[in-house]
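Participant: The following comprises the amino acid sequence and a computationally predicted model.
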Amino acid sequence: MNKLLSISLLFLLSWSMPAISSSSRVPCYKSIFSFGDSFTDTGNNPIVFEWYSIFDPVTRPPYGTSFFGLHTGRNGDGRLIIDFIAENLGLPYVPANLAHNGSFRSGANFAVGAATTVDAGFFHERGIPSTTSKFPLNTSLGVQLEWFESMKPSLCRTARECKKFFGTSLFFVGEFGVNDYHMSFQRRTVQEVRSFVPVVVATISKAIERLITKHGARNLVVPGVIPSGCSPPILTKFADVSPASAYDSRTGCLKAYNELGLHHNSLLQAELDKLQAKHRNVRIIYADFFGPIMDMVESPHKFGFEEDILIVCCGGPGRYRLNSTVPCGDAAATMCQDPSARLYWDGVHLTEAANRHIANIWLGSINSATRVSSSKCANGPCRPSG
Ligand SMILES: *[C@@H]1O[C@H](CO)[C@@H](O)[C@H](O)[C@H]1NC(C)=O
Ligand SMILES: *[C@@H]1O[C@H](CO)[C@@H](O)[C@H](O)[C@H]1NC(C)=O
Ligand SMILES: *[C@@H]1O[C@H](CO)[C@@H](O)[C@H](O)[C@H]1NC(C)=O
């Protein structure tokens with residue numbers, strides 16, 4: 001297994017949206033605490049990869065080129081979905097817990113690129129992705145929760161104080177699942193990987209339950225997974241072994257891998273419904289990651305994207321411009337002329353333009369769910385209980 005390809009299959013990061021900072025709008029969420037993988041990671045992965053002596057291309061240009069102007073550890077050309085959401089809620093970009101030297105009172109981001117939902121041991125026992133691979137790293141959802149719990153005493157002390165503090169926080173649990181599945185595809189058929197879905201969903205559910213009952217989380221956003229069958233690393237890896245019938249002729253996506261994502265999302269939503277019924281004073285918001293990406297794949301022009309939508313912006317030679325020997329960040333890699341006209345940035349990760357679109361959709365759910373519970377707040381259910 002080519003190491004760089006396996007890394008590009010694993011990297012998952014984050015997102016964004018423009019600030020609405022009219023003084024009449026009071027930010028009612030006072031902080032954001034976030035768990036996830038590279039779709040959400042705002043700077044942890046360079047640190048974690050260094051612990052394991054793994055090369056991390058995101059520390060090189062042109063990462064960050066569209067917005068920050070320099071690399072920030074984000075897996076993208078600019079802002080991630082979570083960055084746009086923080087802007088919209090009037091909060092600072094959520095600082096990566098391992099990278100930031102300062103206060104976390106406005107929030108902390110425990111997400112790490114390549115993180116799995118399920119603990120690393122599950123995969124190691126099964127020889128996934130291989131017995132010699134350093135992946136998965138010890139950065140699962142459970143480990144991120146431990147990091148959160150060790151930070152907690154610096155944020156609040158008494159149970160009452162903590163309940164109040166986290167009651168005005170917005171929690172992101174995910175995206176989780178893509179690394180579990182993409183890594184497993186290296187050693188298992190898509191049918192075999194399907195049997196892991198209940199384990200992944202149960203792990204997410206347990207984490208949500210713990211955040212609610214042990215820490216007083218009252219507002220949680222839980223994203224589903226992407227359509228992996230439209231993801232350039234999956235398309236590249238399985239190009240030679242997939243017959244024409246494996247593709248959706250309309251989109252060029254691999255059907256079986258998308259079906260797995262739909263299965264995950266449907267089990268996840270059923271689980272969230274159960275949790276919501278059990279915890280009536282809490283808001284659990286499902287965030288659809290799959291649908292908005294399919295919309296962009298199906299109607300690129302509607303979003304200002306170029307025709308060949310499954311091609312990455314930054315990479316090397318190849319059908320999808322994703323090449324394990326010439327990854328984005330490599331001196332020989334090339335970048336497209338206009339990242340804002342592309343859906344995919346460097347492989348699995350999306351461009352800032354795509355992230356902005358997805359953030360707008362998620363903010364619709366976050367803000368509308370909020371209005372139901374609070375008329376006083378422009379965004380976020382500010383319910384400073386006593
Ligand atoms: C963290 O910040 C403090 C105060 O600004 C500084 O004294 C300290 O050296 C910093 N630590 C690191 C590891 O950068
Ligand atoms: C993984 O990380 C957690 C949290 O930092 C730690 O408690 C645990 O011992 C680590 N596990 C392994 C196998 O290194
Ligand atoms: C990947 O890039 C290398 C170096 O430019 C090239 O030789 C190879 O053919 C490329 N692979 C594919 C699948 O195009």
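Facilitator: Perfect, thanks for sending it. Ligands and ions are numbered 1, 2, ... in the order given.

Participant: Look up how far ligand 2 lies from the residue in the stretch 101-250 of the chain that ligand 3 sits nearest to.
Facilitator: When CB to the nearest ligand atom is the measure, the stretch 101-250 of the chain has its nearest residue to ligand 3 at residue 236, with 7.6 Å between them. (Each C-beta comes from the backbone N, C-alpha and C, glycine too.) Here the distance between residue 236 and ligand 2 works out to 31 Å (CB to the nearest ligand atom, to the nearest Å).

Participant: next structured bit after the helix or strand harbouring that residue?
Facilitator: Residue 236 is part of helix 232-237 when elements are defined by DSSP states H and E. Proceeding C-terminally, helix 232-237 gives way to helix 255-278 as the next helix or strand, assigned by DSSP H and E.

Participant: Convert the C-alpha atoms of that next one to CSV, please.
Facilitator: As requested, C-alpha coordinates have been extracted for helix 255-278 and formatted as CSV (Å, rounded to 0.1, in the frame of the first residue of the first chain):
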residue,chain,number,x,y,z
LYS,A,255,-22.5,3.7,-6.2
ALA,A,256,-21.6,1.1,-3.5
TYR,A,257,-19.4,3.6,-1.6
ASN,A,258,-22.2,6.2,-1.6
GLU,A,259,-24.6,3.6,-0.5
LEU,A,260,-22.4,2.9,2.6
GLY,A,261,-22.5,6.6,3.5
LEU,A,262,-26.3,6.7,3.1
HIS,A,263,-26.5,3.6,5.4
HIS,A,264,-24.3,5.3,8.0
ASN,A,265,-26.3,8.5,7.8
SER,A,266,-29.6,6.7,8.2
LEU,A,267,-28.5,4.7,11.3
LEU,A,268,-27.0,7.9,12.7
GLN,A,269,-30.2,9.8,12.3
ALA,A,270,-32.3,7.0,13.9
GLU,A,271,-29.8,7.1,16.8
LEU,A,272,-30.1,10.9,17.2
ASP,A,273,-33.9,10.6,17.2
LYS,A,274,-33.6,8.2,20.1
LEU,A,275,-31.2,10.5,22.0
GLN,A,276,-33.4,13.5,21.3
ALA,A,277,-36.5,11.7,22.7
LYS,A,278,-34.5,10.8,25.8
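
Participant: Which residues of the stretch 251-386 of the chain lie near ligand 2?
Facilitator: Near ligand 2, no residue belonging to the stretch 251-386 of the chain is found when assessed by CB under 6 Å from any ligand atom.

Participant: what ranges of the stretch 251-386 of the chain fall below the confidence cut-off?
Facilitator: 369-386 (pLDDT under 70).

Participant: what does this structure put close to ligand 3?
Facilitator: Proximity of the chain to ligand 3, by CB under 6 Å from any ligand atom, involves residues 316-318, 323, 325-326.
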